[in-house]
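Q: coords please:
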Amino acid sequence: MSRIHILFITLSFQLLSFWAKADEVPVLLMLNRSEQIDTSGCNFVEQLTALVYKEIIENRVKLWDSPSKEIQITGTTLKEIERNSNTSFLNQETVFMYETWDNVKKEIQTKTLGFTFLHKKENEEEVSYGYVDFKDLNETFLKTKINTNANGVYSSTYTTYILSKNFAFNIVQFAGKPVKSVAESDEIKVNYKRNLRFNSSLLGYYPPDKMVTFLIDGNLEGTDQKSINSKQLFREMENFLINNQEIFFNMGGDRITSHIQKNKLKVTRVEVNEMWRKINNEITYETRSMTIYVNDSALNEMSPRAINDMEIFINDTTLPVFLKDKQYNLIITKINSQVIKRKDSYLFLKGLMAAQWNRVIDYVINY
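A: Residues are numbered from 1 along each chain as shown. Modelled structure (predicted):
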């Protein structure tokens, strides 16, 4: 990062921090795309730039030349900047975040003021795309869920990431003074933040959750109890659909066959979406939906209520309870937004059961 740009951004920050209250410390953060780590659940710089770009291009958010907001840059002009500089807003390396911090004994309370977006080309030339006020993004950040990998919390929004500072960053200005090195930045974090959480009173505590999609495998020729239970589930589903033609057709069976031929109807796949939560190191399961495949074609996705209404019993256990007990063969295909390869499914399942939930990917890699 050139001294000219750091100086410009620092001077711009002084304009924003002018209205800070007495106990609030102006802080300028620098987020580098290449420094984000898997344990945070996503590359926050990539996610942030993608959302902000969409909002600018669709004219829902104003892009300015600088924090002084003298000249507005339209979505069309932004595209021209990209084209003329042969760069992409979506692929930029660096984002600056303007904030104030306040140490209130039990937590660090922060206020985010805005963002400056910057790209560095291969020839070291820098392209400044502009500045966006946080207040213009606040509502969108509150309601938009961020896409997380297997390490992340499914229900996280952009707001929760910003409040918790769940991303890698360096401090480049603190209390009006430039911070000249990463070591100095780390020292400020330790001395000012100590062991306090950012915005804990606003964030509260919610158990970490993950949206897990998996298949129940009823085709394994094993003799263990889980294999037996999986096969029985498929048989019970087939019998239920055969003996309840109206329900079968209402579930979309008419797309598969206009007339049920009992010897032809076969359940070939069952896909389940569940919310998994970890509470006191125990995992709880909440079934969100289920899709039954008949003759390799999907019936309509079933809601929890529809699943409860199915009169299916496996070893005298109702279907909803059977799904939660996990006494069957399952193949995880997706965790949050991360698609899981079949060959890795077992290790990801073990990781969810045994590893810290922000280190599931590390568990699989290092197993």
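Q: Excluding its own residues, what touches stretch 155-164? List them.
A: 40-41, 44, 47-48, 51, 110, 112, 137-138, 140-146, 148, 153, 166-167, 197-199, 202-203, 206, 209 (Cβ atoms under 8 Å, 6 or more residues apart in numbering). For glycine as for every other residue, the C-beta is placed from the backbone atoms N, C-alpha and C.
Q: mind listing what's buried in that stretch?
A: S155, S156, T157, Y158, T159, T160, Y161, I162, L163, S164 (16 or more other Cβ atoms under 10 Å).
Q: what's the closest of these to A306?
A: S155 (23.6 Å; Cβ to Cβ).
Q: CA atoms of stretch 339-346 as CSV?
A: The C-alpha atoms that make up stretch 339-346 are tabulated as CSV, following Å, rounded to 0.1, in the frame of the first residue of the first chain:
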residue,chain,number,x,y,z
VAL,A,339,-20.6,-28.7,-1.0
ILE,A,340,-19.1,-31.8,0.4
LYS,A,341,-17.6,-34.4,-1.8
ARG,A,342,-18.9,-37.9,-1.2
LYS,A,343,-15.4,-39.2,-0.4
ASP,A,344,-15.1,-36.6,2.4
SER,A,345,-18.6,-37.1,3.8
TYR,A,346,-17.6,-39.5,6.6
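Q: if we can go back for a sec, in a markdown table, list the buried residues of stretch 155-164 along with pLDDT and distance to V104.
A: Output for the buried residues of stretch 155-164, formatted as a markdown table (pLDDT from 0 to 100; distance: Cβ to Cβ, whole Å):
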| residue | pLDDT | distance to V104 |
| --- | --- | --- |
| S155 | 96 | 26 |
| S156 | 97 | 24 |
| T157 | 97 | 23 |
| Y158 | 98 | 24 |
| T159 | 97 | 20 |
| T160 | 96 | 20 |
| Y161 | 97 | 21 |
| I162 | 97 | 18 |
| L163 | 97 | 14 |
| S164 | 96 | 16 |
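Q: ok, of these, which one's closest to P178?
A: I162 (23.3 Å).
Q: Restricted to buried residues, select the contacts of stretch 155-164 in PyMOL.
A: Only the buried entries of the contacts of stretch 155-164 go into this PyMOL selection, using 16+ other Cβ under 10 Å:
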select buried, resi 40+41+44+47+48+51+110+112+137+140+141+146+148+153+166+167+198+199+209
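Q: picking up where we left off before, among the buried residues of stretch 155-164, which ones are in helices?
A: Members of the buried residues of stretch 155-164 lying in helices (criterion: DSSP state H): Y158, T159, T160, Y161, I162, L163, S164.
Q: Including distance to E55, could the buried residues of stretch 155-164 go into CSV?
A: Compiled in CSV, the buried residues of stretch 155-164 are given as follows (distance: Cβ to Cβ, whole Å):
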residue, distance to E55
S155, 22
S156, 19
T157, 15
Y158, 11
T159, 15
T160, 18
Y161, 16
I162, 15
L163, 19
S164, 22
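Q: give me the element the most centrally placed residue in the chain is part of.
A: Among the residues of the chain, the one closest to the centroid is T148, at 2.4 Å (Cα atoms, centre = their mean). Counting by DSSP states H and E, there is no helix or strand that carries T148.
Q: need the contact list for it.
A: T148 touches G41, C42, Y154, S156, N336, S337, Q338, counting by Cβ under 8 Å, 6+ apart.
Q: ok, it to N138 distance?
A: As judged by Cβ to Cβ, to the nearest Å, T148 and N138 stand 21 Å apart.
Q: so what's E221 scoring on pLDDT?
A: With respect to pLDDT, E221 has a value of 77.
Q: Quickly note the distance from it to S227.
A: 8 Å.
Q: Looking at these two, which has the bigger crowd around it?
A: For E221 versus S227, the count of surrounding residues by other Cβ atoms under 10 Å is larger for S227: 17 against 6.
Q: so what's that one up against?
A: L220, E221, N329.
Q: Enumerate every residue touching the closest residue to E93 other than its chain neighbours.
A: Setting aside the residues directly before and after it, E93 is nearest to R33 in space (Cβ to Cβ, 6 or more residues apart in numbering), at 5.0 Å. Listed by Cβ under 8 Å, 6+ apart, the contact set of R33 reads N43, V45, E46, Q92, E93, T94, V95.
Q: Make CSV from those and add neighbour count, pLDDT and distance to K231 to it.
A: As requested, the contacts of R33 are arranged in CSV below (neighbours: other Cβ atoms under 10 Å; pLDDT from 0 to 100; distance: Cβ to Cβ, whole Å):
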residue, neighbour count, pLDDT, distance to K231
N43, 21, 97, 42
V45, 22, 97, 47
E46, 15, 96, 43
Q92, 20, 92, 52
E93, 17, 91, 52
T94, 20, 92, 55
V95, 22, 95, 52
